[in-house]
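A.B. asks: okay, structure incoming, though there's no sequence with it:
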């Protein structure tokens, strides 16, 4: 049996690594902006696209992006403390 939490966390870490940690979030855990090195732009709506692309690369389903997003936010909040 596959441990999905480990997979989600691994994909979340890839999202953070892809953005080099340049992800701005609010104190309430909402993603505001990300910097994508592949596109070389800051964007407000790009976070979801990056998460979807990384989930697709990991062969995850569309509904699993919400799980990955929560792990991205958890990792970023943990690093900011």
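C.D. replies: The structure has been received and is ready for your questions. Note that the coordinates shown come from a computational prediction; the quantities given were computed from them, not determined experimentally.

A.B. asks: wait, residue 42 touches residue 33, no?
C.D. replies: Yes - counting by CB atoms under 8 Å, residue 42 does reach residue 33; the two are 5.4 Å apart. Where C-beta positions appear, they are placed from N, C-alpha and C, glycine not excepted.

A.B. asks: what packs against the helix or strand containing residue 6?
C.D. replies: Residue 6 is part of helix 4-18, with elements assigned from DSSP states H and E. If you count contacts as 3 or more CB pairs under 8 Å, 6 or more residues apart in numbering; DSSP states H and E, helix 4-18 packs onto helix 46-57, helix 65-80.

A.B. asks: and it with helix 65-80, angle?
C.D. replies: Between helix 4-18 and helix 65-80, the angle comes out at 60 degrees (axes from the mean of the first three to the mean of the last three CA atoms, to 10 degrees).

A.B. asks: can you list contacts of helix 4-18?
C.D. replies: Contacts made with helix 4-18 from outside it, assessed by CB atoms under 8 Å, 6 or more residues apart in numbering, are listed as 23, 36-38, 50-51, 54-55, 58, 60, 64, 67-68, 71-72, 74-76.
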